[in-house]
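Visitor: Using only what follows, build the 3D model:
(one chain, ligands or ions: 1)
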Amino acid sequence: MSDNTQDIIKEAAAAAAMSGSLFSTFDIIMLVILFGAAVWWLYSSRKENKKDDLLLSKYSIQPAGSIQVTENSFIKKLQSSGRSLVVFYGSQTGTGEEFAGRLAKEGIRYKMKGMVADPEECDMEELTKLKDIPNSLAVFCVATYGEGDPTDNAMDFYEWLKNGEPDLTGLNYAVFGLGNKTYEHYNAVAIYMDKRMEELGATRVYECGLVLKMTLSHGKTNFGLQFVKNSILKVLEKKN
Ligand SMILES: Cc1cc2nc3c(=O)[nH]c(=O)nc-3n(C[C@H](O)[C@H](O)[C@H](O)COP(=O)(O)O)c2cc1C
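Guide: Residues are numbered from 1 along each chain as shown. Below is the predicted model of the structure:
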């Protein structure tokens with residue numbers, strides 16, 4: 001406790017003793033101290049939150065390993081880390097995001113290092129340039145919601161595909177959909193993206209993979225890993 005605080009307490013106690021109401025004055029002092037502590041705690045926890053927000057905003061593209069990235073160019077990141085597989089996810093509650101991580105990691109088994117990326121945090125127009133990286137592959141691991149709508153983080157990308165006319169010639173891609181058959185628009189986003197990218201000139205290297213009632217169960221993970229393996233092998237086959 002600082003000298004100042006001690007003086008204040010002593011003075012208050014003396015004053016209270018003189019007036020014969022020590023207990024209530026002491027109470028007031030304790031309240032002042034508690035209030036000060038609460039203000040200090042609120043202030044320091046806000047500072048911590050701000051620090052976390054800053055870190056999160058910097059690290060938006062997450063390579064499958066432990067490296068983290070601070071910019072929106074996924075092409076640059078792929079090039080600088082010797083990767084050629086990028087797995088974009090459209091995810092609301094995390095299943096697709098986690099699954100995308102597993103798919104990206106699988107690439108290394110086939111000598112195609114991968115990274116995971118959030119389309120909302122990437123310059124998706126760069127898809128037109130992905131072909132400049134030899135034997136590259138973009139996998140889209142996307143969930144469907146509502147009336148066949150994309151997730152929030154895939155919305156801009158979806159609109160860009162739908163309303164724009166980008167030339168995706170030369171882009172190798174494969175779409176993996178997460179959905180649930182109990183909904184009317186089963187896997188509508190994945191099905192649409194798969195069809196639309198082909199219309200825009202991209203090369204579908206592997207048939208759209210759809211999972212119903214997606215969970216991260218062993219069987220479904222295996223299905224996803226098989227899907228990525230087959231997609232990669234198709235890209236490598238094309239090369240030969
Ligand atoms: C409110 C709600 C709406 C959904 N709508 C659809 C839908 O229209 N079509 C579909 O195939 N799946 C639908 N699903 C299933 C999700 O796409 C599926 O659970 C998916 O794995 C979620 O992935 P995420 O955790 O990455 O967001 C819906 C799920 C919820 C909770």
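Visitor: Nearest residue to Ile108 in space, please, no chain neighbours.
Guide: Gly114 (7.2 Å; Cβ to Cβ, 6 or more residues apart in numbering). For every residue, glycine as well, the C-beta is placed using N, CA and C.
Visitor: Find the residue at the geometric middle of the chain.
Guide: For the chain, the residue nearest the mean C-alpha position is Asp118 (5.1 Å; Cα atoms, centre = their mean).
Visitor: Surely that one and Asn153 touch.
Guide: Yes: shown here, Asp118 and Asn153 form a contact pair, counting by Cβ atoms under 8 Å, at 5.6 Å.
Visitor: Show me the common contact partners of these two, please.
Guide: Tyr89 (Cβ atoms under 8 Å, 6 or more residues apart in numbering).
Visitor: Show me which residues of the helix or strand containing Arg196 are buried.
Guide: Element membership of Arg196, judged by DSSP states H and E, is helix 188-199. Of all the residues in helix 188-199, those buried under the rule 16 or more other Cβ atoms under 10 Å are Ala188, Val189, Ala190, Ile191, Tyr192, Met193, Asp194, Met197.
Visitor: And those, which is closest to Ala138?
Guide: Distance to Ala138 across the buried residues of helix 188-199 (Cβ to Cβ) is lowest for Met197, with 8.9 Å.
Visitor: isn't that closest one right next to Leu161, touching?
Guide: Yes: here Met197 reaches Leu161: they are 6.9 Å apart, a contact under Cβ under 8 Å.
Visitor: Just the closest residue of this structure to the ligand, please.
Guide: Closest contact between the chain and the ligand, by Cβ to the nearest ligand atom, is at Gly179 (2.4 Å).
Visitor: What about that residue, how many residues nearby?
Guide: Gly179 has 23 neighbouring residues, counting by other Cβ atoms under 10 Å.
Visitor: Tell me how far it lies from Met112.
Guide: Distance from Gly179 to Met112, counting by Cβ to Cβ, to the nearest Å: 26 Å.
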